[in-house]
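Chemist: Next input, structure requested:
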Amino acid sequence: MEILRQAVQVTFHWRDALGGMWVIELDAAGIRLVGETESFEIPRDRWPLDVSVAAVKEGYVARFCGPQRDVGFLVGAEGAALAEVLGHVVTAAPRDVAFAEAPPDDRPVLFPKMNRTTVLALLLAGPAFIPVYGVAFALASLVMLGLGRRSLRPSRDFSHVRTMRRFTLLWLLFNLAVWGLTTFKPSDRQRPRLRRADITAPQISDAPSSARARPARQEPPMMVYVVVAIVVSLLSLSVHECAHAITALWNGDDYARSLGRVTLNPLAHIDPFGTVLLPAILFFTTGMTFGYARPVPVMPSRMMYHRISDIYVSAAGPVSNLLIACAGMGAYLLVGRVIWLVFPEATIWEYRFLSPSVEAAGLPGAAVWTAALRMLSILVLMNVGLAFFNLLPIPPLDGSHVCGNLYPRTIGRFFDAIRPYQIPIFIILLWTGAMRAMLGPTMSTVVWGLQWTIAASVGR
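Modeler: As a prediction, the model looks like this:
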């Protein structure tokens, strides 16, 4: 403190959390921070509000609140010296300074925090709708939320953690409601009379032949299915790419955020050729369609743990699609259960098979119920397919980044060698049916599991 009173400058050379070198200069007028790309000054009367030092196990964490972002340092004994100086300044500061005042709320957060337990709680909350066994996932999710509470801090850096915790709790309540409706069924005396034809295909029904015949109904034009598929595709791709971008931000890479990719707006992720032109050409020429969104640029060198962080970012996209599929499946079971309980004489054709041609009949507003069931079935099947397709270890899919980072000396080097030819290799594997052969067994198993879930929810 005597040094500062004599206006003699004290200088520290520290590195921030991202490895950038900073020069911190203290004198009687204030603190100046000079970095590699930016610099700012904190006047002496703002020290109690914008400068803090906290003792941690590894040493001291010094934090400086700048006009645009915060800068933090993990230091040793020099942090104790800075804390002593700040302590003297706080006690000697004028009384009209509001020491308890928080930093301005409009100050942007550079890198929002996210902990693994909160993410794991969200993942475990997804399958909590499964009849009978879903309660185990719900309990595990609640345990993870309890464990994550220990690392939660009241600062604005943890705003994403608090938001995800609230969302996880709401999703758990929804899935537990679906679990309760599908697990605890009314007894045979209280159960509404429901023919097996109402929930299964007509060919395996034990109802009379007159009841097994599916009523004739004019199918909607193909363009309706195309519009539904386009809407579901844009939603799924937007969530997929946004998951990549926000996971990169949580791991220390804000490049995607600077490009406006941390958003669910489809316009930020649409590629003019891969999302619009290519699917249209394939649909009108071959009857099939394929497309892709604009890839999210990621810089692993800016992340905290490089390879591990790159694995998290690559896996975030497929995992987000699986979470969408879980949400759609829960809604599908809920709609079917509501129809069963409210309209016991209604018939739902092909409900158990999660078919896009599912149809509800014999109830008011049958067209609306049918449209809801069909859209949910398309949502589930498309997101399951998109998730496992992207997990294939073929460049440039997300699975290749995961495998390449897990085994950098073998698979990683092989993928780096073939990366200049990844587009021709990808097209050959796609058009020869090799990808379908690799994806077919997994998709069959997953669809069988979804059909078992529906059968268990209706008691068959």
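Chemist: Only C-alpha atoms from now on, for both contacts and neighbour counts.
Modeler: Fine.
Chemist: same for the strand or helix carrying residue 14, what does it pack against?
Modeler: In this assignment (DSSP states H and E), residue 14 forms part of strand 10-15. Packed against strand 10-15 by the contact rule (3 or more C-alpha pairs under 8 Å, 6 or more residues apart in numbering; DSSP states H and E) you find strand 21-26, strand 70-75.
Chemist: in the stretch 251-400 of the chain, which spans are helices?
Modeler: Remark: helices assigned in the stretch 251-400 of the chain by DSSP state H, counting those that start in this stretch are 255-258, 278-286, 307-342, 366-390, 398-406.
Chemist: Mark out where each domain of this protein begins and ends.
Modeler: When the chain is parsed with automatic domain parsing, its domains come out as 2-92, 116-178, 194-458.
Chemist: Tabulate these (a markdown table), appending mean neighbour count.
Modeler: As requested, the domains of the chain are exported to a markdown table (neighbours: other C-alpha atoms under 10 Å):
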| stretch | mean neighbour count |
| --- | --- |
| domain 2-92 | 15 |
| domain 116-178 | 19 |
| domain 194-458 | 18 |
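Chemist: Adding distance to residue 184 and mean pLDDT, write those domains out as TSV.
Modeler: Below are the domains of the chain laid out as TSV (distance: least, C-alpha to C-alpha, whole Å; pLDDT from 0 to 100):
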stretch	distance to residue 184	mean pLDDT
domain 2-92	50	74
domain 116-178	9	91
domain 194-458	9	84
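Chemist: need the helices of the stretch 251-400 of the chain in JSON lines with distance to residue 224, can you?
Modeler: Output for the helices of the stretch 251-400 of the chain, formatted as JSON lines (distance: least, C-alpha to C-alpha, whole Å):
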{"stretch": "helix 255-258", "distance to residue 224": "35"}
{"stretch": "helix 278-286", "distance to residue 224": "15"}
{"stretch": "helix 307-342", "distance to residue 224": "20"}
{"stretch": "helix 366-390", "distance to residue 224": "10"}
{"stretch": "helix 398-406", "distance to residue 224": "31"}
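Chemist: so which of those helices comes closest to residue 28?
Modeler: Residue 28 lies closest to helix 255-258 among the helices of the stretch 251-400 of the chain, at 36.7 Å (C-alpha to C-alpha).
Chemist: hmm, who's touching stretch 73-87?
Modeler: 1, 12, 14-17, 47-48, 52-53, 58-63 (C-alpha atoms under 8 Å, 6 or more residues apart in numbering).
Chemist: swap that for stretch 254-264, sorry
Modeler: Under C-alpha under 8 Å, 6+ apart, the answer for stretch 254-264 is 111, 235, 238-239, 241-243, 245-246, 248-249, 268-269, 296-299.
Chemist: how about 10 Å then?
Modeler: The contact list for stretch 254-264, computed with C-alpha atoms under 10 Å, 6 or more residues apart in numbering, reads 110-111, 234-249, 267-269, 294-299, 302-303.
Chemist: can you tell me how far residue 38 sits from residue 66?
Modeler: As judged by C-alpha to C-alpha, to the nearest Å, residue 38 and residue 66 stand 11 Å apart.
Chemist: Then residue 303?
Modeler: According to C-alpha to C-alpha, residue 303 stands 22 Å off from residue 66.
Chemist: Check the contacts of stretch 73-87 and tell me the two furthest apart.
Modeler: Maximum distance among those (C-alpha to C-alpha): 27.7 Å, for 1 and 17.
Chemist: residues in contact with residue 160?
Modeler: Here residue 160 is in contact with 112, 113, 114, 115, 166, 250 (criterion: C-alpha under 10 Å, 6+ apart).
Chemist: mind listing what the fourth one touches?
Modeler: Right, residue 115. 148, 149, 151, 152, 158, 160, 161, 250.
Chemist: Please report how far it lies from residue 149.
Modeler: Residue 115 is 10 Å from residue 149, by C-alpha to C-alpha.
Chemist: Give the residues shared as contacts by these two.
Modeler: Joint contacts of residue 115 and residue 149 (C-alpha under 10 Å, 6+ apart) are residue 161.
Chemist: Surely residue 316 and residue 248 touch.
Modeler: Yes - between residue 316 and residue 248 there is a contact under C-alpha atoms under 10 Å: 9.4 Å.
Chemist: all strands for the protein, in order.
Modeler: Ranges of strands in the chain, per DSSP state E, are 10-15, 21-26, 30-34, 39-43, 51-56, 59-65, 70-75, 347-349, 359-361.
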